[in-house]
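1. With the input below, show me the fold.
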Amino acid sequence: MKGWLLLGLLGLCSATVYFKETFDPSWEERWVQTKHKTEGSFSKFERSAGKWYTDSEKDAGIQTKEDYRFYQASAKFSSFSNKDKPLVLQFTIKNEQYLDCGGGYIKLLPEGFDQENFGGDTPYLVMFGPDICGSEKKTHFILNYNGENYLSKKRIRVETDNFTHQYTAIVYPDNTFKVLIDNEEVESGNIEDNWEMLAPKEISDPSAKKPEDWVDEPTIPDPEDKKPEGWDDIPQFIPDESAEKPEDWDEEKDGPWSPPQIPNPEYKGEWKPKMIPNPDYKGPWTAPKIPNPDYTPDPNLYKFGKIGGVGIEIWQVTSGSIFDNIFVGDDPAEAKKFSEETFVPRKSGEEAAKAAFDEEEQQRMAASSEGQKEDTDLDFEPDNEDFKEDL
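-> Residues are numbered from 1 along each chain as shown. Next comes the predicted model:
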């Protein structure tokens, strides 16, 4: 019993938080915002809690403020390796604008990345988070392996309302993963099965040939179906009986007149027997599978080398997204603890905060509309006594 207790205490002590960011007023001391050389295509994040919030200070993150812009910001931290331990990446995002087209993901960056020139061409190790554009809605989960980026084969769902949502990705040293949204698991599995990093375990036998007697036609003509008598006697076109010879028709010059041809409504086309299921059908032929000689298992698919920073590099058509509460560590329990301190209190009060904001907006708009009506009435108030008498 004492041994298990000791192991448990050691496990708790070994948990490491590599990076936490709540975007307090000093956030720009830790983050660098980069721009592209093309002026007008990039904009800067600004600290804000948005139009509505539960706490103006605690809910403040960094928000996109201009439409049709790129946003690029990164922060460095002491580099680490996730060898032999979990990797947890977690953050919150509120798409206050009902995001219609744009990214909402963040990236884990390799040790020594060029922070002053961070952008879309900067190599990354993990890219994770929501991406929405029209009907394309998914949570990106991209892992880097041997210098190549691989997108998860599973289409991970995404939240599309304008409340705050928390996205958590966990990669374990046994080559498995989990994705949580708002602390609820929405996807999990094995890395090898869900990212095409390795050659397939099996391939079709290249030496296999389809047997000559293999039947892959699902239907055949019905041998008992017979063409009706007189079928071929029905012409495709017939003379138009309603046509009349033109009055100026000269048979000596124009030749004998005959009415024009029109499609025959009785014509049924070329006769073909009806099709019936083929009793000898064996289905599509596929070559048998054999072990792939190029397949080599890798127990280190989960490992990304030295991680040295986090970055946000996105494009947004409609601005308004607020990023907050970024966590990078090696303990899912520690990430959940951070969530309970930051996200959970906010989530519990957001609906009421949004409802109060909407009500205030309706009252403001009603008052503004009434004010405009009064101004219009005043504009038409006659100031000429003679004009008033005429009225």
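2. Could you use CA atoms for every contact and neighbour count after this?
-> OK.
3. Report all helices and strands that the lengthiest helix in the chain contacts.
-> When the chain is parsed with DSSP state H, its longest helix is helix 332-379. Under the contact definition 3 or more CA pairs under 8 Å, 6 or more residues apart in numbering; DSSP states H and E, helix 332-379 sits against strand 87-95, strand 164-171, strand 321-329.
4. Can you tell me which of these is nearest to P291?
-> The minimum distance between P291 and the helices and strands packed on helix 332-379 falls on strand 164-171, with 28.0 Å, by CA to CA.
5. Sheet partners, orientation included, of that closest one?
-> strand 87-95 (antiparallel), strand 176-181 (antiparallel) (DSSP bridges).
6. what angle separates whichever helix or strand G308 is part of from strand 87-95?
-> Using DSSP states H and E, the element containing G308 is strand 306-316. Strand 306-316 runs at 20 degrees relative to strand 87-95, counting by axes from the mean of the first three to the mean of the last three CA atoms, to 10 degrees.
7. Tell me the spatial nearest neighbour of S81, not counting adjacent residues.
-> Using CA to CA, 6 or more residues apart in numbering and skipping the chain neighbours, the partner closest in space to S81 is K306 (4.8 Å).
8. tell me how far the ends of stretch 269-284 are from each other?
-> From its first residue to its last, stretch 269-284 covers 32 Å (CA to CA, to the nearest Å).
9. Export the strands paired with strand 164-171 to TSV and append columns for mean pLDDT, distance to K44 and mean neighbour count.
-> Listed next are the strands paired with strand 164-171 as TSV, based on pLDDT from 0 to 100; distance: least, CA to CA, whole Å; neighbours: other CA atoms under 10 Å:
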stretch	mean pLDDT	distance to K44	mean neighbour count
strand 87-95	97	17	25
strand 176-181	98	27	19
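10. Nearest to M365, out of the ones you listed?
-> M365 sits nearest to strand 87-95 of all these, at 23.1 Å, using CA to CA.
11. Contacts for the closest one, please.
-> Residues outside strand 87-95 that contact it (CA atoms under 8 Å, 6 or more residues apart in numbering): 104, 160-172, 320-332, 335, 343.
12. Swap in 7 Å and give it another go.
-> Residues from elsewhere that reach strand 87-95 (CA atoms under 7 Å, 6 or more residues apart in numbering): 162-172, 320-332.
13. again, but for stretch 72-85
-> Contacts of stretch 72-85 (CA under 7 Å, 6+ apart): 19, 30-35, 111, 115, 119, 172-173, 303-314, 330.
14. Now that we have those, which of them are buried?
-> By neighbour count, with 16 or more other CA atoms under 10 Å, the contacts of stretch 72-85 hold 19, 31-35, 111, 115, 119, 172-173, 303-314, 330 as buried.
15. Who does V179 form a beta bridge with?
-> For V179, the beta-bridge partners are A169, E187 (DSSP bridges).
16. ranges for the helices of the stretch 51-200 of the chain?
-> Secondary structure of the stretch 51-200 of the chain (DSSP state H, counting those that start in this stretch): helices at 191-194.
17. Poorly predicted segments of it, please.
-> Low-confidence segments of the stretch 51-200 of the chain, defined by pLDDT under 70: none present.
18. tell me the average confidence for the strand holding G308?
-> Mean per-residue pLDDT for strand 306-316: 96.
19. can you redo the helices and strands packed on helix 332-379 as CSV with distance to K76?
-> Below are the helices and strands packed on helix 332-379 laid out as CSV (distance: least, CA to CA, whole Å):
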stretch, distance to K76
strand 87-95, 15
strand 164-171, 20
strand 321-329, 12
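20. out of those strands, which comes closest to P260?
-> Among the helices and strands packed on helix 332-379, if distance is taken as CA to CA, the winner is strand 87-95, at 68.6 Å.
21. between the closest one and helix 332-379, how many degrees?
-> Between strand 87-95 and helix 332-379, the angle comes out at 10 degrees (the same axes, to 10 degrees).
22. Okay, angle between strand 87-95 and strand 321-329 too, please.
-> Using the same axes, to 10 degrees, strand 87-95 lies at 170 degrees relative to strand 321-329.
23. Give me the distance from strand 87-95 to the chain's centre.
-> 16 Å (CA atoms, centre = their mean, to the nearest Å).
24. and stretch 140-154, how far out from the chain's middle?
-> Using CA atoms, centre = their mean, the offset of stretch 140-154 from its chain centre is 15 Å.
25. And that stretch, end to end?
-> Distance across stretch 140-154, first residue to last, is 10 Å (CA to CA).
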